[in-house]
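**Q** Build me a model:
(chains A and B)
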Amino acid sequence: MKFRVERDVLSEAVAWTARSLPSRPAAPVLAGLVFEAVESEGGEGDNGSVTLSGFDYEVSSRAQIGADVTEPGRILIHGKLLADIAKSLPNRPVEFSTEGSKVLVSCGSSRFTLQTLPVEDYPALPTMPTATGAVTASGLASAVSQVAIAAGRDDTIPMLTGIRVEIEGEKITLVATDRFRLAVRELQWKPEQQDMSATSLIPSKVLSDTAKALTGGDWVTLALSGGDAGEGLIGFQSGDGASSGAKGSRRMTSRLLSGEFVKYRSLFPSEYNITATVETAPFLEAAKRVSLVADRTSPIKLAFTQGEVTLEAGAGDEAQASEAMDAVLDGEDISVSFNPSFLLDGLQVIDTQYAQLSFTVASKPAVLMGRPALDAPPQEEFRYLMMPLRVPGQSAG
Amino acid sequence: MSDGSGVSGVSRRTAGAPAFEPYGVWTDLVGQDHISTDLVQAALGNGMTHAWLLTGPPGSGRSTAARAFAAALQCTTANEPGCGHCLGCRTVLDGVHPDVLQLATDQLSIGVADTRDLVRRSSMTPSSGRWQVLLIEDADRLTEAAGNVLLKAVEEPSSRTVWILCAPGRDDMLPTIRSRCRHLLLRTPPSTAVAEILVRRDGVDPIRAREAARAAQGHIGRAKRLATDDEARAKRSEVLALPSSLTDMGSALSAAQKLVDATISEAKRAAEERNVTETADLRLAMGYQEGSRKAVPGAAGALKDLETRQKKRATRMQRDALDLALVDLAAFYRDVLAVQLGAIGGAGGDVTEPIHDDQYAAVRKIAAAGTPEATLRRIEAVLECRKAVERSVAPLLAVEAMAVRLR
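**A** Numbering: from 1, shown residues only, chains lettered A, B, ... in the order given. Have a look, this model is predicted:
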């Protein structure tokens, strides 16, 4: 095998595929990246292409880059090591050529001789399901980051470590919960079929990593194969279409989680008695400060009165903190306690100037939403539901 | 009349079914045609279920059967599950199929952390659209806590998930787990069948194969080792020399010391062989290049982990080796008993065959010197020693106690 490729193109592709490689591979070959070089098919400006792929039995990633291929072939090179090498090479074209079981990587006057891994032992990569639609890369990334915070991290209930994706026509809904809070985000997309309807459960970590990793292009193509019918894969693709001559495309597939997801829609109250609106950034800052004296289990208390909110944490003999700031309250005075990290998680992903908290009563779940301005309605595309903490003696205070 | 597909019962071959002709992955399964038939039928969709428990004596091929079944479930050849040559079969047998996760422990127990990972994997959908197979080779070594972690996942796995658990006996599993599995019982393969596979697969001389097969008492792996490894044969002879060397207290104690030393040195030798290849594999995976000492971050930690694991495994291997020696010893006294009762070499001809054919002279001598009652007491002593070793009694103490009682 022999090919020549631009340094930047190479290092970016290697870094991208190597990031999904397992740090403790189940089998030695899985630490490798497969390089497959194919010659030009004779198209204008087409000198051939190299496909890099990695797999850890759950997630596969594949990057295709344009390269000047003089001898086609397929080899397996240690991915993390090559990533380290690729990013420190001088900015000159890089040439790969095999010599027996070694591969020679030369760039300018630098030369690396690396041992290859046995490529014939490498497992077959899952095939990409057929495309079901496309979503903007930045839209997907921001939506996933908003929802992923609520996903469970405890493997005892694997279903909760996933993000549920519901597709209904031109709307995608992402949902995640760990039983204490729940995040829902809706976004628009371009389905292949207008009337399509599908659901699947994607491991949260995978979806977060993938959404971040695919921000390179404008659009991300989603490819979903039905979770119940047996095949359970989701594919993502960014870059130019799936045609064979495409250069610079990125693909990932991930296995899905199976299991019945929480029936979450009924958890949201149908109407709210009290809404409180605060300015997001100062409120987040204040909540962070006050939370410093609260440990993971002790609550942060928000006491809303007309025109003001007081944040309090710590009680009794322990360290205490409190801070007051402006708030617009619509309804009666209310005082609610939350797990501080759950509150901070939610506030951190609100990207509007104001944030609105909606309540029915203090003991029922509260809903956090973004609000662009005080005279504008809240944005319902993202909703974050939090269970309040029951605090002993709260009714007395 | 049961049709044999009961979920909890041991299934039997349906009467009148054509005899099973082993092919592909099933040819390595010796003398277990009844199991192969059931598993092939299951892979074809008749009597398939989400959890299986394969039990049978050590060496009978539990894990071979489990792997063959896993291959059959991933096999892409129509009507011949487990063909042995399609990509599905080959990758399962090589241990690199993405939808088959095999957990085999070489340590004393399987803990909660490993089990959690399995449970997480069990909730994933298969990437090929066939089955997501989770195979635990030593399910009897699951700790109780680990068993409880597994419980929920085995009870209600996702629709395409299959659990295959292997254990020596049903009683080795938590009742809550075994009641959720379809149970298949492997029998001790007849020594003729074991000898046959040694000849066919490993090219062993037939006479030697027969002797080894009988001495290994149906343990296929052990038979192969005895037939092909001279050192293993020598070690066995050393062990079997113990009964003849017991004359007084002093000789009993020194014989005990010798037995323990011999087993430990054999275990060490076997462990070392594996350690070397394993370490080399890991170094490769961690990006150590030939002759270099630099690798990717985390490599040193991973190597250290491997070392800890290898140490734990050494303990297990020593125990296993000692247990093997004790089984050989018990079989020796069984031969003695058979001679004393006239089942071997008696007036009515041989009712049974000696296990240790090559030790016949020693067996006769000891048989002539004692009574069947004394022999039974000795067998009891050996079996008690096995139990003591399993309960982590210091090996030397347990063996000394036994040797004194064997005098």
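**Q** After the host helix or strand of A:Val50, which helix or strand is next?
**A** Element membership of A:Val50, judged by DSSP states H and E, is strand A:48-55. Once the chain leaves strand A:48-55, the next helix or strand it forms, by DSSP H and E, is strand A:59-66.
**Q** Beyond that next one, next helix or strand please.
**A** Past strand A:59-66, the next helix or strand by DSSP H and E is strand A:68-71.
**Q** Pairing partners for whatever helix or strand comes next after that next one, with directions?
**A** Helices and strands here follow DSSP H and E; after strand A:68-71, the next one along the chain is strand A:73-78. For strand A:73-78, the paired strands and their directions (DSSP bridges) are strand A:32-39 (antiparallel), strand A:110-117 (antiparallel).
**Q** Report the secondary structure element holding the residue sitting nearest the centre point of chain A.
**A** The geometric centre of chain A, computed from its C-alpha atoms, lies nearest to A:Ser208 (C-alpha atoms, centre = their mean), at 1.3 Å. Taking DSSP H and E as the definition, A:Ser208 sits inside helix A:204-213.
**Q** Check whether that helix comes near chain B.
**A** No. Using C-beta under 8 Å from any C-beta of the partner chain, helix A:204-213 stays clear of chain B, with a minimum separation of 10.4 Å. For glycine as for every other residue, the C-beta is placed from the backbone atoms N, C-alpha and C.
**Q** Centre of the chain to that helix, how far?
**A** In terms of C-alpha atoms, centre = their mean, to the nearest Å, the gap separating the centre of helix A:204-213 from the centre of its chain is 3 Å.
**Q** chain center to the host helix or strand of B:Lys258: distance?
**A** Using DSSP H and E, B:Lys258 sits within helix B:249-285. On the basis of C-alpha atoms, centre = their mean, the separation between the geometric centre of helix B:249-285 and that of its chain is 18 Å.
**Q** Excluding chain neighbours, what is closest to A:Asp195?
**A** A:Gly169 (6.3 Å; C-beta to C-beta, 6 or more residues apart in numbering or on different chains).
**Q** Below-threshold pLDDT in the stretch 201-350 of chain A: ranges please.
**A** Residues of the stretch 201-350 of chain A that meet the criterion pLDDT under 70 lie in A:226-231, A:240-247.
**Q** Please, where are all the strands along it?
**A** Ranges of strands within the stretch 201-350 of chain A are A:219-225, A:233-238, A:249-255, A:274-279, A:300-305, A:308-313, A:321-326, A:328-330, A:334-338, based on DSSP state E, counting those that start in this stretch.
**Q** Any idea which of those gets closest to A:Val5?
**A** Nearest of the strands of the stretch 201-350 of chain A to A:Val5, taken as C-beta to C-beta: strand A:249-255 at 15.2 Å.
**Q** is the closest one up against chain B anywhere?
**A** Yes. Strand A:249-255 is in contact with chain B by C-beta under 8 Å from any C-beta, via A:Thr253, A:Arg255.
**Q** List the neighbours of that strand that are in contact with it.
**A** Applying C-beta atoms under 8 Å, 6 or more residues apart in numbering or on different chains, the contact partners of strand A:249-255 are A:16, A:20, A:58-64, A:125-126, A:128-129, A:202-203, A:206-207, A:210, A:213-214, A:216-217, A:232-242, B:124-127.
**Q** count of residues packed around the residue nearest to A:Leu187 when sequence neighbours are not counted?
**A** Excluding its sequence neighbours, the residue lying closest to A:Leu187 (C-beta to C-beta, 6+ apart) is A:Ala143, at 4.9 Å. When neighbours are counted by other C-beta atoms under 10 Å in any protein chain shown, A:Ala143 registers 24.
**Q** Phi first, then psi, for A:Ala143.
**A** phi -60, psi -40 (degrees, to the nearest 10).
**Q** and what of B:Ala227?
**A** Dihedral angles of B:Ala227 (phi, psi; degrees, to the nearest 10) stand at phi -80, psi -30.
**Q** so it touches B:Asp202, yeah?
**A** Yes. Between B:Ala227 and B:Asp202 there is a contact under C-beta atoms under 8 Å: 7.0 Å.
**Q** Who are the packing partners of the helix or strand where B:Arg67 lies?
**A** Assigned by DSSP H and E, B:Arg67 belongs to helix B:62-74. Counting contacts by 3 or more C-beta pairs under 8 Å, 6 or more residues apart in numbering or on different chains; DSSP states H and E, helix B:62-74 packs against helix B:33-43, strand B:51-55, helix B:87-94, strand B:100-103, strand B:132-136, strand B:161-167.
**Q** domains of the chain?
**A** Defaulting to chain A. A:2-121, A:131-265, A:268-386 (automatic domain parsing).
**Q** switch to chain B, that's the one I care about
**A** Chain B resolves into domains spanning B:24-185, B:191-228, B:245-406 when parsed by automatic domain parsing.
**Q** Tell me which residue in the stretch 251-397 of chain A sits closest to chain B.
**A** A:Ser258 (3.5 Å; C-beta to the nearest C-beta).
**Q** per-residue confidence for the closest residue to chain A within chain B?
**A** Closest to chain A within chain B is B:Thr125: 2.2 Å, counting by C-beta to the nearest C-beta. Looking at B:Thr125, its pLDDT reads 84.
**Q** can I assume it is in contact with B:Trp131?
**A** No. Using C-beta under 8 Å, B:Thr125 is not in contact with B:Trp131, being 10.3 Å away.
**Q** any residues in contact with both of the two?
**A** Here B:Thr125 and B:Trp131 share the contacting residues B:Arg160, scored by C-beta under 8 Å, 6+ apart.
**Q** returning to what we had before: could the domains of chain B be laid out in TSV, adding distance to A:Lys263?
**A** Output for the domains of chain B, formatted as TSV (distance: least, C-beta to C-beta, whole Å):
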stretch	distance to A:Lys263
domain B:24-185	18
domain B:191-228	52
domain B:245-406	42
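**Q** tell me the angle the helix holding B:Arg67 makes with strand B:132-136.
**A** Orientation of helix B:62-74 against strand B:132-136 (axes from the mean of the first three to the mean of the last three C-alpha atoms, to 10 degrees) gives an angle of 180 degrees.
**Q** Got a PyMOL select line for the buried ones in the contacts of strand A:249-255?
**A** PyMOL command restricting these to the buried ones, with burial defined by 16 or more other C-beta atoms under 10 Å in any protein chain shown:
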select buried, (chain A and resi 16+20+58+59+60+61+62+63+64+125+126+128+129+202+203+206+207+210+213+214+217+232+233+234+235+236+237+238+239) or (chain B and resi 124+125+126+127)
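**Q** quick one on the thing from earlier: quick one, which of B:Ala227 and B:Asp202 is more surrounded?
**A** Counted by other C-beta under 10 Å, B:Ala227 and B:Asp202 do not tie: B:Ala227 has more neighbours, with 25 against 12.
**Q** OK, contacts around that one?
**A** With contact set as C-beta under 8 Å, 6+ apart, B:Ala227 has these partners: B:Leu198, B:Asp202, B:Val204, B:Arg208, B:Ala209, B:Glu211, B:Ala212, B:Ala213.
**Q** Relative to B:Leu198, how far out is it?
**A** From B:Ala227 across to B:Leu198, the span is 5 Å (C-beta to C-beta, to the nearest Å).
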